[in-house]
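Participant: got a structure for you, letters missing:
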């Protein structure tokens, strides 16, 4: 009966220490965090648009990110801003305009975005060729 109250220990696979398991779990948790922040159809496209084209206004983003609706763009921009990947600046114009930009922290995703873009270019070539 005392086993019920004993702490649960990770059981390490053969050849792995508990420390290895903790490190692997830490990496899996980190991957999950990234997917929660960047997952979905639109976030990476929005980040890429701002990264490659520079600061953009809402309507410019709406035109650039093909197929996204205004309500969804607004939601995704809020999520990206909450995660400090973009900034939202209200400009003192009439009517009021809002400018979006990649933050320095968001720019740390440049290599990830470039890797995705390069893979996408190669994938499109592979599919168009019909092989490899």
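Facilitator: Perfect, thanks for sending it. Fair warning: this is a prediction, and the values are worked out from it, not measured in the lab.

Participant: those helices in this structure, which residues are they?
Facilitator: Listed in chain order, the helices of the chain (DSSP state H) span residues 18-38, 43-53, 58-64, 70-82, 110-129.

Participant: Buried deepest among the ones you listed, which one?
Facilitator: When neighbours are counted by mean count of other C-beta atoms under 10 Å, the highest per-stretch mean among the helices of the chain falls to helix 43-53, a mean of 19. The way it works is simple: take the backbone N, C-alpha and C, and place the C-beta from them, glycine included.

Participant: circling back to that earlier point, which one of the helices of the chain has the poorest average confidence?
Facilitator: Set side by side, the helices of the chain show their lowest mean pLDDT on helix 18-38, which sits at a mean of 87.

Participant: Remind me what that one packs against, helices and strands.
Facilitator: In this structure, helix 18-38 packs against helix 43-53, with contacts taken as 3 or more C-beta pairs under 8 Å, 6 or more residues apart in numbering; DSSP states H and E.

Participant: What are the contacting residues of the helix it packs on?
Facilitator: If you take C-beta atoms under 8 Å, 6 or more residues apart in numbering as the criterion, helix 43-53 is touched by 37-38, 56, 61, 64-65, 68, 73, 76-77, 79-80, 85-86, 100-102, 106-107, 109-110, 113, 116-117.

Participant: Give me the nearest residue to the residue positioned nearest the centre of the chain, chain neighbours excluded.
Facilitator: When C-alpha atoms, centre = their mean is applied to the chain, the residue found nearest the centroid is residue 38 (2.3 Å). Closest residue in space to residue 38, ignoring its immediate chain neighbours: residue 44 at 5.8 Å, by C-beta to C-beta, 6 or more residues apart in numbering.
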